[in-house]
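Asker: take a look and give me a structure for this.
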Amino acid sequence: MQSPTAAAAAASSTPAKSPESPLLRRLPVPLVFLLLIVLSVTFIYRVAAPISPSGRTRQWNRTFPFVLPADDQPDAVDLEKEEVRLAGVLQASAMEDRTVILTTLNAAWASNGTIIDLFLESFRIGNGTRSLLDHLVIIAFDKKAYLRCVAIHHHCFALATEGVDFSVQENFMTDGYLKMMWRRIDFLRIVLEMGYNFIFTDADIMWFRSPLPRFFSDGDFQIACDQFYGDPLDRNNRPNGGFNFVKSNNRTIEFYKFWYSSRLKNPGFHDQDVLNIIKHDPFIDKIGLQMRFLSTRFFGGICQPSRDFNEVCTMHANCCIGLRRKINDLGVMLEDWRSYMALPPALKLSKPLVWRVPQKCSFAPLN
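Answerer: Numbers count the residues shown, from 1 in each chain. Below you'll find the model as predicted:
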């Protein structure tokens, strides 16, 4: 098959000699040359331009669990291949041991100057955390969140739920909030089934150090806590579903299936409440799941802050209802961390620092 350049060259030689083109023989040579250039450029443009059989603009698909980026044409794409698209994103972002960092995002947290910007900034100013951005995948729940993601980050995947609009701010425990949380649990099960370990992190968690050295080598499912009572094996610890490290194996896959199905027996509860119920279930021991609870010494939050700036890995805006409250206190956390990082090494070890949060964060009802 000839390239457009070759086709143009052939065209420029043939008409000039052909006795069957009297019109071209009568035209001045420069005009003939110009005409051939125009025809060649037009041909190249038509070949390169995408074909849109229906002429419709891209519609945001809500009937398939894996949703396409906004510039794809629905008539030219097989939606059943979206799992392949997800596999490509995970492969591109995975560490050598097939571990990825995942967070979720909807439009309310995606606006300029809001949660997602604070989240990414924490990686940039953290102690050795900037390189971890190469392994972070942002899972967008709606079109606005996806478009913002591709503008600020290089690993994005679009995900939606049939009949649910996640683009608005979902207040704690509303129906939309619950659907979003359970959609997340089901998606994480898919990631495990694809053979990837993951660190899941809410976007309202600030990353100040790599958490990797603080994970247990023998833990299948490791989760941060709102309240940690000192023993990582004690199931009376109060886990927080916003941060966990999960290894891909048969035990964790069965656990996530059990967790997700348990929502049917506990209507009106979110994933964290259901986890607090099922963590004592005999099924956990039957499948042999090794569950570990992470200390707030390293994985703190507003509920129970980390007390040592020299050891903290993450800080979570938990025990906090309301977007504006979270933005305020997350900003304060970043300011506190910058102050710590600016200290000389000797003062970092000798001068005890205390987080200035909570300031506005609380469980008090919103106005």
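
Asker: just checking, D234 touches F293?
Answerer: Yes. Counting by CB atoms under 8 Å, D234 does reach F293; the two are 6.7 Å apart. To be clear about C-beta, it is placed using only N, CA and C from the backbone, and glycine gets the same treatment.

Asker: these two: which is more packed in?
Answerer: Set D234 next to F293 and count neighbours by other CB atoms under 10 Å: F293 wins out with 28 against 11.

Asker: all helices of the stretch 201-350 of the chain, in order?
Answerer: Taking DSSP state H, counting those that start in this stretch, the helices of the stretch 201-350 of the chain run over residues 250-261, 271-278, 282-286, 323-341, 345-350.

Asker: could you chop this structure up by domain?
Answerer: Domain ranges of the chain: 4-48, 74-350, per automatic domain parsing.

Asker: go through those domains and name the closest to V357.
Answerer: For V357, the closest of the domains of the chain is domain 74-350, at 4.6 Å, according to CB to CB.

Asker: now the closest one: mean pLDDT?
Answerer: The average pLDDT within domain 74-350 is 91.

Asker: circling back: looking at the domains of the chain, which is buried most?
Answerer: Across the domains of the chain, the average number of neighbours (mean count of other CB atoms under 10 Å) peaks for domain 74-350, which reaches a mean of 18.

Asker: to which secondary structure element is R124 assigned?
Answerer: helix 115-125 (DSSP states H and E).

Asker: beyond that helix, next helix or strand please.
Answerer: strand 136-140.

Asker: show me what the next helix or strand after that next one is packed against.
Answerer: Next along the chain after strand 136-140, taking DSSP H and E as the criterion, comes helix 143-152. Under the contact criterion of 3 or more CB pairs under 8 Å, 6 or more residues apart in numbering; DSSP states H and E, helix 143-152 touches strand 99-105, helix 107-110, helix 115-125, strand 136-140, strand 156-158.

Asker: quick one: the residue nearest to L330 when sequence neighbours are not counted from Y260, how far?
Answerer: Once flanking residues are discounted, L330 sits nearest to L118: 4.7 Å by CB to CB, 6 or more residues apart in numbering. Distance, L118 to Y260, by CB to CB, to the nearest Å: 30 Å.

Asker: cool, Q222 as well?
Answerer: For Q222, the distance to Y260 - CB to CB - is 19 Å.

Asker: now do T314
Answerer: 25 Å.

Asker: C-alpha coordinates for stretch 113-127, CSV please?
Answerer: Coordinates of each C-alpha in stretch 113-127 appear next as CSV, following Å, rounded to 0.1, in the frame of the first residue of the first chain:
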residue,chain,number,x,y,z
GLY,A,113,-7.8,24.2,44.8
THR,A,114,-9.7,21.5,46.6
ILE,A,115,-9.0,18.0,48.0
ILE,A,116,-7.2,16.4,45.0
ASP,A,117,-4.7,19.3,44.8
LEU,A,118,-3.9,19.0,48.5
PHE,A,119,-3.5,15.2,48.2
LEU,A,120,-1.0,15.5,45.3
GLU,A,121,0.9,18.3,47.0
SER,A,122,1.5,16.0,50.1
PHE,A,123,3.3,13.6,47.8
ARG,A,124,5.4,16.4,46.4
ILE,A,125,6.5,17.8,49.8
GLY,A,126,6.7,14.5,51.7
ASN,A,127,9.9,12.8,52.7
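
Asker: need the contact partners of that stretch.
Answerer: 103, 105, 108-110, 129-130, 132-133, 136, 138, 148-149, 152-153, 203-209, 323, 326-327, 330-331, 333-334, 337-338, 341 (CB atoms under 8 Å, 6 or more residues apart in numbering).

Asker: ok, 6 Å please
Answerer: Stretch 113-127 has contacts (CB atoms under 6 Å, 6 or more residues apart in numbering) with 105, 109-110, 129-130, 133, 203-204, 206-209, 330.

Asker: before we move on, back to that, separation between the residue nearest to L330 and F221?
Answerer: 27 Å.

Asker: same check on D336?
Answerer: On the measure of CB to CB, D336 and F221 end up 31 Å apart.

Asker: go on, G241?
Answerer: 11 Å.

Asker: not counting sequence-adjacent ones, nearest residue to Y256?
Answerer: R189 (3.8 Å).

Asker: tell me if that neighbour really is in a strand.
Answerer: No. Looking at R189 with DSSP: H, G, I helix; E, B strand; the rest coil, it is helix, so not inside a strand.

Asker: so it sits against F258, correct?
Answerer: No. With contact defined as CB atoms under 6 Å, R189 does not count as touching F258 (10.0 Å).

Asker: convert the C-alpha atoms of stretch 209-217 to CSV, please.
Answerer: Extracted as CSV, the C-alpha positions of stretch 209-217 are listed here (Å, rounded to 0.1, in the frame of the first residue of the first chain):
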residue,chain,number,x,y,z
ARG,A,209,6.4,9.2,54.2
SER,A,210,6.3,6.0,52.3
PRO,A,211,4.1,3.5,54.1
LEU,A,212,5.8,0.5,52.5
PRO,A,213,8.3,-0.2,55.4
ARG,A,214,5.5,-0.1,57.9
PHE,A,215,3.4,-2.9,56.4
PHE,A,216,3.4,-6.4,57.9
SER,A,217,5.1,-9.0,55.7
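
Asker: what does it rub up against?
Answerer: Contacts for stretch 209-217 (CB under 6 Å, 6+ apart): 127-129, 222, 245, 292, 298, 313.

Asker: 10 Å instead, please
Answerer: For stretch 209-217, the external contacting residues (CB atoms under 10 Å, 6 or more residues apart in numbering) are 95, 97, 99, 101, 126-129, 131-132, 199, 201, 222, 224, 232-233, 243, 245, 247, 290, 292-295, 297-299, 310-314.

Asker: try stretch 254-265
Answerer: Outside stretch 254-265, the residues touching it (CB under 10 Å, 6+ apart) are 178, 181-193, 220-221, 241, 246, 249, 269-271, 273-275, 277-279, 281, 283-284, 286-289, 291.

Asker: that'll do, ta.
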